[in-house]
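> Need coordinates for the following:
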Amino acid sequence: MKRVLFDDVFFNVNNTGIARMWRSIFAEFSVSEILSECSVELIILNRSNQLAGMGFETIYFPEYEFQTPAIDRMLIDNVVSDLEINIFISSYYTFSTCCNNLGILYDMIPEHIGFDKSLRGWIEKKLYIGNIDSFIGISESTCTDLARFYPTPRGRTVRTVYPGVNNKIFYPRNEKEKRIFKERHKLKNFLVFVGSRGGYKNAELFLESLKFMDSVDLDILFVGGADLSKDEIVTARRFGFELKRLVLDDEDLAVCLSSADVLVYPSLYEGFGLPPLEALAVGTPVVTTKFSSLPESVGELGAFCDGRSSRDLAYVIAQAQKLHWREKVLAEGPKWTSKKDWAASARGVAVALQETPAERSAISIQVSEITREYTELAAVLQQKS
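All right, here's what the predicted structure looks like:
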């Protein structure tokens with residue numbers, strides 16, 4: 001039986017799709033025999049208490065401090081050594097130098113977008129990738145990007161494990177549920193945009209595309225993300241639209257997506273793209289792009305725009321609103337998403353843990369020794385800063 005320590009660190013960072021992913025996977029772990037079948041004993045490094053109460057042993061641990069990652073890593077190594085852990089797996093870029101690591105890669109946004117990689121957080125990501133013995137990528141696109149941005153002669157396995165959708169929540173809703181949702185939030189027919197909106201998410205292009213649409217009997221809804229900005233409100237009003245924003249739990253999000261005419265998701269880069277998958281699960285058309293992993297999320301059921309032209313985006317939205325396309329997506333969307341559920345995701349992670357060697361290779365030990373020396377020096381500097 002392999003002893004595996006899971007770091008719930010991402011729950012200290014944000015409550016986005018990555019948090020939903022791990023919450024869903026652990027829910028599957030807690031009600032199935034997947035881990036025991038793969039000879040895995042799972043212990044949670046508990047920083048957030050978000051995964052507590054699921055029946056796993058938990059080790060209480062300090063919250064992550066972005067300014068002191070080296071000190072954090074030394075504490076992790078102490079726990080790994082004391083508990084005789086075989087494999088360390090983290091929900092975000094933490095790792096151990098005392099055992100093998102199974103790494104999770106969500107995206108290569110900093111590398112694609114050109115973030116300042118001299119910042120401490122991105123230095124930690126590079127260290128993380130250099131110390132990982134085997135990887136899970138949440139899409140084929142992400143796995144390809146790993147080889148592109150971090151080529152290495154080191155023999156490491158890379159497995160794709162797709163995020164899933166909860167089909168007990170995300171399913172086509174009846175007309176009464178949709179009518180009640182619209183009445184409660186004072187919505188007519190509406191287009192919906194889900195999640196953060198800045199930069200590569202391309203919400204600005206969506207707002208600019210409104211000038212090519214008829215605002216009669218059509219509303220625009222943002223779900224989640226930041227509060228509406230003055231510029232967003234002014235842009236929408238300039239083209240005759242009142243812009244609304246809601247924060248919804250999964251149940252209400254499922255009803256919202258089912259009630260919408262179209263999910264508009266013109267992102268220029270995604271590690272996977274969970275909202276499009278959830279929209280298809282409820283039978284709602286998705287307008288998106290062919291960049292990065294998005295074709296993997298929507299398959300042949302995506303209505304694709306070029307991601308650059310506001311006129312093109314407006315045209316594709318209009319095509320997606322047509323009855324024949326809506327009927328196609330309603331019929332085929334739930335079938336497509338049934339292949340990507342959280343049980344399959346959980347099994348993929350468990351199998352990856354099963355296949356990650358408990359014994360360390362010579363090169364893994366060598367890399368860890370170098371990293372440990374750096375960590376000890378960095379910890380001294382971080383204590384002084």
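
> mind showing which ranges of the protein have poor pLDDT?
Residue ranges of the chain with pLDDT under 70: 153-155, 385.

> what's the single longest helix in it?
Criterion DSSP state H: the longest helix present in the chain is helix 362-384.

> Which positions in that helix come out as buried?
Ser364, Val367, Ser368, Thr371, Arg372, Thr375, Ala378, Ala379, Gln382 (16 or more other CB atoms under 10 Å). For every residue, glycine as well, the C-beta is placed using N, CA and C.

> residues touching the first one, list them.
Same thing as Ser364. Asn100, Asp133 (CB atoms under 8 Å, 6 or more residues apart in numbering).

> and what of the last one?
Gln382 makes contacts with Gln67, Thr68, Pro69, Ala70, Ile71, as judged by CB under 8 Å, 6+ apart.

> Contacts only, for Ser141.
Under the criterion of CB under 8 Å, 6+ apart, the neighbours of Ser141 are Gly271, Ser292, Ser293, Glu296.

> I'd guessed the first one sits against Ile138; true?
In other words, Gly271. Yes - counting by CB atoms under 8 Å, Ile138 is a contact partner of Gly271 at 5.5 Å.

> just to revisit the earlier point, show me how to select, in PyMOL, the buried members of the contacts of Gln382.
Taking 16+ other CB under 10 Å as the burial criterion, the selection of buried members of the contacts of Gln382 in PyMOL is written as:
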select buried, resi 68+69+70+71
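
> So which of the contacts of Gln382 is the closest to Gly103?
The shortest gap between Gly103 and any of the contacts of Gln382 belongs to Pro69, at 15.5 Å (CB to CB).

> The closest one contacts Glu124, doesn't it?
Yes - with contact defined as CB under 8 Å, Pro69 counts as touching Glu124 (4.9 Å).

> Once you drop chain neighbours, what's closest to Gly240?
The spatial neighbour of Gly240 that comes closest, neighbours along the chain excluded (CB to CB, 6 or more residues apart in numbering), is Ser215 at 3.6 Å.

> quick one, what contacts that neighbour?
Ser215 makes contact with Phe239, Gly240, Phe241, according to CB under 8 Å, 6+ apart.

> likewise Asn166?
Ser24, Asp250, Asp341, Trp342.

> now the nearest residue in space to the second one that is not next to it in sequence, what's its secondary structure?
What that stands for is Asp250. Nearest residue to Asp250, sequence neighbours excluded (CB to CB, 6+ apart): Ile169, at 5.3 Å. For Ile169, the assignment made with DSSP: H, G, I helix; E, B strand; the rest coil gives coil.

> cool, and Val264?
strand.

> Was I right to think it contacts Arg197?
No - counting by CB under 8 Å, Arg197 is not a contact partner of Val264; they are 10.9 Å apart.

> what about the two, which has more around it?
Val264 (28 against 20; other CB atoms under 10 Å).

> what bridges to that one?
Using DSSP bridges, the beta-bridge partners of Val264 come out as Val287.

> how near is the residue lying closest to Ser139 once chain neighbours are set aside to Glu140?
Closest residue to Ser139 apart from its sequence neighbours, by CB to CB, 6+ apart: Ser293 at 3.7 Å. Ser293 is 7 Å from Glu140, where distance means CB to CB, to the nearest Å.

> Between those two, which is the more surrounded one?
Relative neighbour count places Ser293 above the other of Ser293 and Glu140, with 24 against 15, counting by other CB under 10 Å.

> Next up, the contacts around the more buried one.
With CB under 8 Å, 6+ apart as the criterion, the residues that contact Ser293 are Ile138, Ser139, Glu140, Ser141, Thr142, Glu270, Gly271, Phe272, Gly273.

> now it: how far from Phe272?
Noted for Ser293: a distance of 5 Å to Phe272, by CB to CB.

> Pull up the overlap in contacts between the two.
Here Ser293 and Phe272 have Ile138, Ser139, Thr142 as joint contacts, going by CB under 8 Å, 6+ apart.

> could I have stretch 307-325 exported to CSV, CA atoms only?
The C-alpha atoms that make up stretch 307-325 are tabulated as CSV, following Å, rounded to 0.1, in the frame of the first residue of the first chain:
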residue,chain,number,x,y,z
GLY,A,307,-11.5,35.0,-31.1
ARG,A,308,-10.3,38.2,-32.7
SER,A,309,-13.2,39.8,-34.6
SER,A,310,-16.2,41.2,-32.7
ARG,A,311,-18.3,41.0,-35.9
ASP,A,312,-17.4,37.3,-36.4
LEU,A,313,-18.3,36.6,-32.7
ALA,A,314,-21.7,38.2,-33.2
TYR,A,315,-22.3,36.2,-36.3
VAL,A,316,-21.4,32.9,-34.6
ILE,A,317,-23.6,33.7,-31.6
ALA,A,318,-26.5,34.3,-34.0
GLN,A,319,-25.9,31.0,-35.7
ALA,A,320,-25.8,29.2,-32.3
GLN,A,321,-29.1,30.7,-31.4
LYS,A,322,-30.9,29.1,-34.3
LEU,A,323,-33.4,26.4,-33.5
HIS,A,324,-31.8,23.5,-35.4
TRP,A,325,-28.4,24.0,-33.6
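
> I'd assumed Gly55 was in contact with Ala27.
No - look at Ala27 against Gly55 with CB under 8 Å: they stay out of range, at 10.9 Å.

> Between the two, point out the one with more neighbours.
The neighbour count for Ala27 versus Gly55, taken as other CB under 10 Å, is higher for Ala27 (16 against 10).

> which residues are contacting the strand or helix carrying the more buried one?
Taking DSSP states H and E as the criterion, Ala27 maps to helix 17-31. Helix 17-31 is contacted from outside by 8, 10-11, 34-35, 42, 50-51, 54-56, 91-92, 106, 138, 163-164, 166, 195, 250, 274, 342-343, 345-346, 349-350, using CB under 8 Å, 6+ apart.

> Thanks a lot, catch you later.
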